[in-house]
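Participant: here is my input, please return the structure:
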Amino acid sequence: LSVFLVLLFSPWVGFSFRCGRSPNPLKFLEQINLRKKMPALRLCGRRWRSASDDYVYVGLMGVVANAAWFACLLYLCITYRTNDCPQQALLIAYIVFHLFTTLFLLVMDALLVHHSARGSLPDVGKREFVETLLFVELLLLMLESFVIALGSVALFAIPPCDLSSTGRRVLFSVIVSSYVVFGIRVLSWWWDYDRLGGTEDDTLPKKLTKLWRQRLRRICCFATATDENWEELASTFYVLFEGSDVVASDITAGLILLHGRQRAALAKARRNRGPEYYSASDQIKPLSGTADATVLKTMAYYVPYALGAYGWMPLIHNDPCAGTIGLLRSCCTGPCLCCVSQLENTGDNCCHCSLVALRAQLVGVNCTVLYSSFRSIVGHTAYFISVDHTNRTIVLACRGTLSISDTVTDGLATPKQVHIPSIGNVRIHPGAYAAAVSVLAEMRQRQLVERAMHDYPEHKLVICGHSLGAAVAVILGCILRPDYPELHVYAYGCPALLDFASAEACSPFVTMLAVGHDLVPRLSMHRLLRLRSDLLAAIYHAAQPKWRIFASTICKRFATVWWQDPEHALSQPGSHTDTRHDPARIEPLLPPGRIIHLIKSEVTSKFCRKKRAYRPYWAARTNFSTLIISGRMAWDHFPGYTADSLLEAVQQNVVALDPEVDPNAHEAAPNTRTILELDLDTRDTKMYSEL
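Facilitator: Got it, this is the predicted structure:
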């Protein structure tokens, strides 16, 4: 009994002495609910990682689990009747006690579901009783731990002769099951515990930045980065995720609300007979004319180079069986790779699997790989140089994000100003710029481009890449263009990289491709801060409870009224008392060059699988100034899907052509009266079929 009393009052005593107050239970109960106007839960004088409306579905699962456990215990009480020894009464009493404890937890979970489902998302006042219920459950959790400990002692303290083997097995089963349930509850409380939830002083920003740095070092433990990189990355995450009293479920609900608002805008755009998610003011025009068809065919021709830079992992990921068999067959029947010198292939594994996958990816292209480097660290990316004998070009292909080090490079996203001689002072993505400078220094040290151009003097330089590799390719093109004026860059899914003026200056030698709802071309620090403001506005203007918002993703009948003020919900994005959260303090970055955007034209279903057809448009870079919340915003960026969509767009005759239009017709108003087939020669057709 004394141990139970200590466990019961230890949270109150610890809270009281931590606050410097005399122990007063009534004062402690008054401190349970603090700052009720904020969504985050306040319990025992500290902030937790959950909100008061997060316990609807969790409580329902608790009701089901406790009901099942109650039925099992009730069955034991009814059916277990043996009178072998006096200790049987102790076993029955222990089971009955567990029975009533489970019944009490069942009632508490039902009350928790009822109170947690009340009110809209920002209306915390209607859920003020949730904190009291959780506090009672916390006390009951301590009582349950004491009872389980008594059962464990009884299991080993009762002599074997005093309890039958059946009774001992029943007691053992009840105790083990109780330990499992108790462990699940303790894990849930530990998950909701916030280490810095009790910190409210001026040291909170510094502590949170340190906490994010520790988290990132643990997650990215295989990435070798400098302390400056970790500090910058931790500051970025602190600015994005801290400074607002919301939890992860609130962010998810806000994304669902923004997605619903964007879907309404899409429906309005479709009623106006415009392409998907474009309004009449957006600057888009379909590709037309022979010149545009040639540009699209050229981008489709160089896309295997961008995919080949990824090495062997995407090859197996896209098709585990065929990819693995093809890789092993190439290693066994292809040229011997055991004697490949380090000057030809660096950073690969002992079997040179990435080089084998690269050659397998380029099986339909008449080319020769001169040098490949698959070394990947923070501020550096993999790349290779090859000679394309068909188009008479030297191709430099850079790899996109594949490793944890590449992810850290992507996260260094706060724009910085640098000087590039060909375009002047620019605001640029610092991670991509560091990777481009590192690749350029390695190439100049080995004189890779110089030797290739010396051996093939009539060839032109082409640089291509996907994702992070596209950004590195654009920066390399800007740096190398004074030495090679005829070079051209083909960027697939390039991220927001440069300021508006610099992105426009790249148009003569950069052509970019974006597919559907691709997230990366729209992603920058400025837009993330603006998304943060829109999320806060969506959360604090929501007219529905959180459980209903989540249910609307499964059943649309729950999506009735989303906003309390639909016209001005996003015009008041919350308070910007901290200037670090203001999007206006950071200049927005935009994707570079001329942009071909593949927009979904139709969707066909076959055998429960949807197939999307895309039509290419010339798009203005300002069309990528808003993040589109969609289930396909990550899938549309995958390199394999980007390549498939581009090749299908070429093959399915979706380019509007008119022989009477001037080759430079894409600069004028397009003529889309006729749709003709692309003039694909035999070599291109063979390459597409092999791919």
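Participant: tell me the strands beside the top strand by length along the chain, with direction?
Facilitator: Determined from DSSP state E, the single longest strand within the chain is strand 594-606. Here strand 594-606 has these sheet partners by DSSP bridges: strand 510-515 (parallel), strand 609-619 (antiparallel).
Participant: quick one: name whatever helix or strand follows the longest one.
Facilitator: The element immediately downstream of strand 609-619 (helix or strand, assigned by DSSP states H and E) is helix 639-651.
Participant: now for that next one, which elements pack on it?
Facilitator: helix 289-308, helix 312-318, strand 488-492, strand 510-515, strand 594-606, strand 609-619, helix 682-690 (3 or more CB pairs under 8 Å, 6 or more residues apart in numbering; DSSP states H and E). The C-beta positions use only the backbone N, C-alpha and C, and glycine is treated the same way.
Participant: relative to residue 107, which of the ones you listed is closest?
Facilitator: Residue 107 lies closest, by CB to CB, to one member of the helices and strands packed on helix 639-651: strand 609-619, at 45.8 Å.
Participant: surely residue 481 and residue 422 touch.
Facilitator: Yes - with contact defined as CB atoms under 8 Å, residue 481 reaches residue 422; the gap is 4.9 Å.
Participant: please identify which of these two sits among more neighbours.
Facilitator: The neighbour count for residue 481 versus residue 422, taken as other CB atoms under 10 Å, is higher for residue 481 (23 against 16).
Participant: any figure for the gap between the more buried one and residue 488?
Facilitator: Using CB to CB, to the nearest Å, residue 481 is found at 10 Å from residue 488.
Participant: shared neighbours, the two?
Facilitator: Both residue 481 and residue 488 are in contact with residue 509, where contact means CB atoms under 8 Å, 6 or more residues apart in numbering.
Participant: quick one: low-confidence parts of the stretch 101-250 of the chain?
Facilitator: Along the stretch 101-250 of the chain, the parts satisfying pLDDT under 70 run over 154-168, 170-171, 196-205, 222, 243-244.
Participant: ok so, going back, how about JSON lines for the helices and strands packed on helix 639-651, with mean neighbour count, mean pLDDT and distance to residue 169 added?
Facilitator: As requested, those are exported to JSON lines (neighbours: other CB atoms under 10 Å; pLDDT from 0 to 100; distance: least, CB to CB, whole Å):
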{"stretch": "helix 289-308", "mean neighbour count": "22", "mean pLDDT": "89", "distance to residue 169": "60"}
{"stretch": "helix 312-318", "mean neighbour count": "19", "mean pLDDT": "73", "distance to residue 169": "48"}
{"stretch": "strand 488-492", "mean neighbour count": "28", "mean pLDDT": "95", "distance to residue 169": "64"}
{"stretch": "strand 510-515", "mean neighbour count": "27", "mean pLDDT": "94", "distance to residue 169": "61"}
{"stretch": "strand 594-606", "mean neighbour count": "16", "mean pLDDT": "82", "distance to residue 169": "55"}
{"stretch": "strand 609-619", "mean neighbour count": "17", "mean pLDDT": "83", "distance to residue 169": "51"}
{"stretch": "helix 682-690", "mean neighbour count": "13", "mean pLDDT": "34", "distance to residue 169": "65"}
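Participant: do you know which of these lies nearest residue 226?
Facilitator: Using CB to CB, the nearest of the helices and strands packed on helix 639-651 to residue 226 is helix 312-318, at 26.4 Å.
Participant: and residue 176, what element?
Facilitator: Using DSSP H and E, the element containing residue 176 is helix 165-192.
Participant: following that helix, which helix or strand comes up?
Facilitator: Where DSSP H and E defines the elements, the next helix or strand beyond helix 165-192 is helix 204-219.
Participant: can you list contacts of that next one?
Facilitator: 195-196, 199, 230-231, 233-235, 237-238, 241-242.
Participant: for residue 264, state which of those is nearest.
Facilitator: residue 241 (27.7 Å).
Participant: just the strands in the chain please.
Facilitator: So, for the chain - with DSSP E - the strands run 40-43, 46-51, 284-286, 345-346, 367-373, 383-388, 393-398, 416-420, 424-428, 460-466, 488-492, 510-515, 594-606, 609-619.
Participant: just send these back as a markdown table, with distance to residue 443 too.
Facilitator: Shown next, in a markdown table, are these (distance: least, CB to CB, whole Å):
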| stretch | distance to residue 443 |
| --- | --- |
| strand 40-43 | 50 |
| strand 46-51 | 47 |
| strand 284-286 | 37 |
| strand 345-346 | 12 |
| strand 367-373 | 9 |
| strand 383-388 | 8 |
| strand 393-398 | 8 |
| strand 416-420 | 17 |
| strand 424-428 | 20 |
| strand 460-466 | 11 |
| strand 488-492 | 15 |
| strand 510-515 | 19 |
| strand 594-606 | 26 |
| strand 609-619 | 32 |
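Participant: who wins for proximity to residue 588 among those strands?
Facilitator: The nearest among these, by CB to CB, is strand 424-428 at 9.2 Å.
Participant: for that closest one, packing partners?
Facilitator: Packing contacts for strand 424-428, counted by 3+ CB pairs under 8 Å, 6+ apart, involve strand 416-420, helix 500-505.
Participant: all set now, cheers.
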